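# I would like the atomic coordinates for the input below:
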Amino acid sequence: MSSQQTIAAVRRFNRFYTRQIGVLRKNYLGSPYSLAEMRVLYELAQNEKLTASDIARTLDLDMGYLSRLLRNFEKRGLINRKTSMSDARQSHLTLTARGRKMFAPMEQRSQQYAASMLASLDDAQQEQIVSAMNAIETLLAGAPAGKADARPAYTLREPRVGDFGWIVSRHAELYLREYGWADPFEGLCAQIVADYVNNFDPEREHCWIAELNGENVGCIMLVKDEQPNVARLRLLLVDPKARGLGLGTRLVDECVRFARSKGYAKITLWTHSALSAARHVYEGAGFKLTSSEPRHSWGKDVVAEFWDLEL
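Residues are numbered from 1 along each chain as shown. I've put the predicted structure just below:
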């Protein structure tokens with residue numbers, strides 16, 4: 001059961017955000033319409049031949065309330081109704097030319113308002129905002145665990161031309177921003193990637209790239225270790241855009257599955273105590289912390305950790 005502090009934090013955020021985006025104003029975006037009315041118009045602008053039931057289900061609106069909104073739109077010449085050919089009880093709704101003309105500047109104004117909210121933030125801060133929003137949306141609206149038709153929003157694939165350069169550059173960018181790790185961390189990543197590419201054994205090694213909406217958002221490698229019959233997990237990364245989707249767990253699970261299929265006896269890895277999200281994923285996959293030691297690396301005092309998974 002949620003704690004009172006957690007509930008209070010959620011309510012505080014709700015109060016802040018509703019004020020931030022102006023939903024409490026009588027007329028949303030300076031239009032003559034409320035937020036609910038504008039959301040209905042938005043759905044009609046984005047989709048052809050919606051029914052009232054479609055809109056009510058999508059927006060979780062009471063049918064009686066929605067019917068009043070639609071009658072008002074119809075009186076103002078903003079929407080058309082056309083009886084469905086397959087079900088005479090249903091009518092398809094579309095915006096009229098007048099409705100589209102009225103809605104177009106409202107859509108532009110909404111875009112400009114969102115842009116103005118982000119204008120004071122740098123690229124890294126904007127990524128943090130989007131990552132947090134993705135996590136909220138995924139966790140609150142995601143499919144229940146075990147649902148048969150649930151599908152992840154990302155895909156895993158083989159590396160393509162340019163992907164290995166992306167692995168190095170994205171590691172360097174994120175670890176500098178999030179942990180302050182400077183040179184030679186990027187050089188270390190580059191060396192790991194170079195060793196993988198130059199000595200690649202397709203029968204015993206693999207690299208996965210995670211892609212979301214056509215963009216790289218994650219990676220991981222499994223390589224042969226110096227110890228016989230031991231695999232080493234390397235360069236796990238989940239971009240802020242894809243955090244909250246369970247991608248880190250999926251990537252590690254793929255490594256474990258591959259290692260077992262190839263007959264490895266153990267997987268080992270090297271990480272740092274500051275990487276709490278990664279450590280949580282490793283622990284969840286069954287890895288055990290075997291040793292740790294303080295170091296001064298990449299301009300920071302760190303605690304290096306060594307984890308193993310017996311297969």
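# And what about the residue nearest to S31 when sequence neighbours are not counted, helix, strand or coil?
Closest residue to S31 apart from its sequence neighbours, by Cβ to Cβ, 6 or more residues apart in numbering: M106 at 5.2 Å. Where you see a C-beta, it was placed from the backbone N, CA and C, and this is true even at glycine. Using DSSP: H, G, I helix; E, B strand; the rest coil, the structure places M106 in helix.
# Geometric centre of the protein: which residue is closest?
Nearest to the geometric centre of the chain sits A242, at 3.2 Å (Cα atoms, centre = their mean).
# Please name the nearest non-neighbouring residue to I136.
G244 is the one closest to I136 (Cβ to Cβ, 6+ apart), at 7.8 Å.
# Helix, strand or coil: sort out A194 for me.
helix.
# which residues of the chain fall in helices?
Here the chain has its helices, by DSSP state H, at 4-20, 35-46, 52-59, 63-75, 97-118, 123-141, 163-179, 185-198, 247-261, 276-284.
# the inter-axis angle of the first one versus helix 123-141?
Same thing as helix 4-20. 120 degrees (axes from the mean of the first three to the mean of the last three Cα atoms, to 10 degrees).
# average pLDDT for helix 4-20?
Averaging pLDDT along helix 4-20 yields 86.
# Flag every buried residue along that helix.
Neighbour counts over helix 4-20 (16 or more other Cβ atoms under 10 Å) mark no residue as buried.
# Ok, the longest one next?
Judged by neighbour count using 16+ other Cβ under 10 Å, the buried positions of helix 97-118 are 99, 102-103, 106-107, 110.
# so what's Y179 up against?
Shown in contact with Y179 (Cβ atoms under 8 Å, 6 or more residues apart in numbering): 274-275, 300.
# how does it look with 10 Å?
Taking Cβ atoms under 10 Å, 6 or more residues apart in numbering as the criterion, Y179 is in contact with 185, 272, 274-275, 298-300, 302.
# Pick out the most distant pair among those.
Greatest spacing in those, by Cβ to Cβ: L275 and G299 (16.3 Å).
# Tell me the buried residues within the contacts of Y179.
Buried among those by 16+ other Cβ under 10 Å: 185, 272, 274-275, 298, 302.
# Any stretches of the stretch 101-250 of the chain with poor pLDDT?
138, 141-153 (pLDDT under 70).
# switch to 50 and redo it
Scanning the stretch 101-250 of the chain for pLDDT under 50 picks out the ranges 143-151.
# Quick check on W298: phi, psi?
phi 60, psi 30 (degrees, to the nearest 10).
# how much space between it and E74?
As for W298, its distance to E74 is 64 Å (criterion: Cβ to Cβ, to the nearest Å).
# And for S261?
S261 is 61 Å from E74, by Cβ to Cβ.
# With P32 instead?
Per Cβ to Cβ, P32 is found 16 Å from E74.
# Distance to T83 for the buried residues of helix 97-118 - can I get that in TSV?
Listed next are the buried residues of helix 97-118 as TSV, based on distance: Cβ to Cβ, whole Å:
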residue	distance to T83
G99	19
M102	25
F103	24
M106	29
E107	28
S110	32
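# Show the pLDDT at I267.
pLDDT, I267: 98.
# ok so, going back, just want to know which of P32 and E74 has more residues nearby.
Neighbours per residue, other Cβ atoms under 10 Å: of P32 and E74, the larger number sits with E74, 15 against 10.
# Which strand residues bridge the residue lying closest to that one once chain neighbours are set aside?
Excluding the flanking residues, the one nearest E74 by Cβ to Cβ, 6+ apart is R81, at 6.8 Å. Beta-bridge partners for R81, by DSSP bridges, are L93.
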